[in-house]
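Visitor: mind folding the following:
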Amino acid sequence: EIGRGTATFDGLSIAWAAIEHLHEANRCRTLFATHFHELTALSAKLGRLENVTLKVKEWQGDVVFLHEVVRGTADRSYGIQVARLAGLPQAVIERARDVLHQLEDTSGGLSVSTLVDELPLFSVKAKQADHAPKQDDKIRSLLGETVPDDMTPREAMERLYALKALLREEK
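Guide: Residues are numbered from 1 along each chain as shown. Next up, the predicted model:
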């Protein structure tokens, strides 16, 4: 993924130039992954460039990655949904959504320093995460008293099912 880990315009510039070079100078087949949605417009300028994306479906408030490559571009970013799937705390996900909406509403042409000054990023008190559910205590207790080396395969399987049941109760 070219341009990853750089400042926005640095990464975009590097990725843009790399695509043009691969298309015009190398003329090779390339699978080019990027998070710079702006680059999809290059397909109108570069005749052999074709945009493809992975198919995504939203279902009951969740995003489901279908692992199917289709022609076209992603209709939007799914970064916050991916962060949730990766296990970030719900308070972080909610705050990220708030910040995203503020950025989308106010960022039209504003510099990053202006955005930092104008957005109430630190004036908003972060939502305190709810105390860990009681099931966490039950799960920790059950795991704490588990000695895998002293269990039969059947006992280990039953313990695993009990832990899974506690997790389901949590949801």
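Visitor: distance of the residue nearest to the spatial centre of the chain relative to R71?
Guide: Centre of the chain computed as the mean C-alpha position; nearest residue by C-alpha atoms, centre = their mean is V82, 2.9 Å away. Relative to R71, V82 is positioned 22 Å away (C-beta to C-beta, to the nearest Å). All C-beta spots, glycine's among them, are computed from the backbone N, C-alpha and C.
Visitor: same deal with E145?
Guide: 55 Å.
Visitor: for E24, same thing?
Guide: 22 Å.
Visitor: got it, and G3?
Guide: 23 Å.
Visitor: the two: who's more crowded?
Guide: Between G3 and R71, counting by other C-beta atoms under 10 Å, G3 is the more crowded of the two (21 against 8).
Visitor: ok, now which ones touch the closest residue to that one other than its chain neighbours?
Guide: Leaving aside its sequence neighbours, G3 sits nearest to G11 (C-beta to C-beta, 6 or more residues apart in numbering; 3.1 Å). Applying C-beta atoms under 8 Å, 6 or more residues apart in numbering to G11 gives the contacts I2, G3, R4, G5, F36.
Visitor: out of these, which end up buried?
Guide: Among the contacts of G11, those scoring as buried are I2, G3, F36 (criterion: 16 or more other C-beta atoms under 10 Å).
Visitor: quick check on R76: phi, psi?
Guide: Phi and psi for R76, reported as degrees, to the nearest 10, are phi -170, psi 180.
Visitor: doesn't E58 belong to a strand?
Guide: Yes. Under DSSP: H, G, I helix; E, B strand; the rest coil, E58 falls within a strand.
Visitor: ok, it touching V64?
Guide: Yes. The criterion here is C-beta atoms under 8 Å, and E58 meets it with V64 at 7.4 Å.
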